[in-house]
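Chemist: take this sequence and fold it.
(chains A and B)
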Amino acid sequence: EPEVTQTPSHQVTQMGQEVILRCVPISNHLYFYWYRQILGQKVEFLVSFYNNEISEKSEIFDDQFSVERPDGSNFTLKIRSTKLEDSAMYFCASTSPGRNTNEQYFGPGTRLTVT
Amino acid sequence: SQKIEQNSEALNIQEGKTATLTCNYTNYSPAYLQWYRQDPGRGPVFLLLIRENEKEKRKERLKVTFDTTLKQSLFHITASQPADSATYLCALDPSYPYNQGGKLIFGQGTELSVKP
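Modeler: Numbering: from 1, shown residues only, chains lettered A, B, ... in the order given. Sure thing, here's the model as predicted:
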């Protein structure tokens, strides 16, 4: 069964450094998302992406964040200058076109630790 | 303000019993509501979706109800097993009318523990 994959599984970085989190969504999906989950808290929406552009972003998704689909398979989240409060699990998700339901398929996550 | 809330306390039940989890929301008019399972350190896994015009949905040992008047969904696991132990999340798309590809808003989840 097709699945969303994410790399790396764990990323440790120093405050102020740039990180790129990578995702390969399910191949025939057209809508892509990033969510994050701070330890012990809710899964929070960051950004959605469709047709090569951002369709919606949350207040969390400020100028330090960017997303890109550099080729036909990868979907990346870049944090330009990481802060301690960016430490969280980051989940990529995708969904299938033509389904009037929006059930989303999540990757296993990248644990980002900012020191 | 808009809220989506689940039982905040962990639910501990004996194997074989039925687990019932609650999801309440305020100031949303979702076209559907979804339930996901999340294991520690893993991403949410989609389980079931129920639309606003459906009262009940079943899948194997899972049953979901949706009461748009009460603004509540109940999630039941019958004949529970230790392997059902996980955190269960409810989620909704806050856009109305329905917007294909919209974001999901999640509740904080209820941790279920099924003891043998």
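
Chemist: quick one: what helix or strand has the residue most central in space within chain A in it?
Modeler: The residue lying closest to the centre of chain A (Cα atoms, centre = their mean) is residue A:34, at 3.0 Å. Using DSSP states H and E, residue A:34 maps to strand A:31-37.

Chemist: can you list the strands that that strand pairs with?
Modeler: strand A:43-50 (antiparallel), strand A:88-95 (antiparallel) (DSSP bridges).

Chemist: give me the residues contacting that strand.
Modeler: For strand A:31-37, contacts defined as Cβ atoms under 8 Å, 6 or more residues apart in numbering or on different chains pick out A:21, A:23, A:25, A:43-50, A:55, A:60, A:67, A:69, A:75, A:77, A:88-95, A:97, A:102, A:104, A:106, A:109, B:100-101, B:103-104. C-beta coordinates here come from the backbone N, C-alpha and C atoms, glycine included.

Chemist: and residue A:71, what helix or strand is that in?
Modeler: Counting by DSSP H and E, residue A:71 is found in no helix or strand.

Chemist: now do the same for the residue of chain A found nearest chain B: its pLDDT.
Modeler: Closest residue of chain A to chain B, Cβ to the nearest Cβ: residue A:106 (3.5 Å). At residue A:106, the model reports a pLDDT of 97.

Chemist: also the one 3 residues further on?
Modeler: With respect to pLDDT, residue A:109 scores 98.

Chemist: what does residue A:71 give?
Modeler: Here, the pLDDT recorded for residue A:71 equals 87.

Chemist: what number of residues lie near it?
Modeler: The local packing of residue A:71 (other Cβ atoms under 10 Å in any protein chain shown) involves 7 other residues.

Chemist: quick one, phi/psi of it?
Modeler: Dihedral pair for residue A:71: phi -150, psi -170, per degrees, to the nearest 10.

Chemist: chain A contacts on chain B?
Modeler: B:32, B:34, B:36, B:38, B:41-46, B:49, B:51, B:89, B:91, B:93, B:98, B:100-109 (Cβ under 8 Å from any Cβ of the partner chain).

Chemist: how about the residue of chain A closest to chain B, what does it touch?
Modeler: In this structure, residue A:106 makes contact with A:4, A:35, A:91-93, B:36, B:43-45, judged by Cβ under 8 Å, 6+ apart.

Chemist: just give the closest residue to it, not the sequence neighbours.
Modeler: In this structure, residue A:106 finds its nearest non-sequential neighbour in residue B:43, 3.5 Å apart by Cβ to Cβ, 6 or more residues apart in numbering or on different chains.

Chemist: surely that neighbour and residue A:108 touch.
Modeler: Yes. Applying Cβ atoms under 8 Å as the test, residue B:43 and residue A:108 come out as touching, 5.3 Å apart.

Chemist: most proximal residue of chain B with respect to chain A?
Modeler: Of all residues in chain B, residue B:43 sits closest to chain A, at 3.5 Å by Cβ to the nearest Cβ.

Chemist: residues near that residue, how many?
Modeler: The number of residues packed near residue B:43 is 24, by other Cβ under 10 Å.

Chemist: ok, back up a step: any of the contacts of strand A:31-37 buried? List them.
Modeler: When these are checked for burial by 16 or more other Cβ atoms under 10 Å in any protein chain shown, the buried set is A:21, A:23, A:25, A:43-50, A:55, A:60, A:67, A:69, A:75, A:77, A:88-95, A:102, A:104, A:106, A:109, B:100-101, B:103-104.
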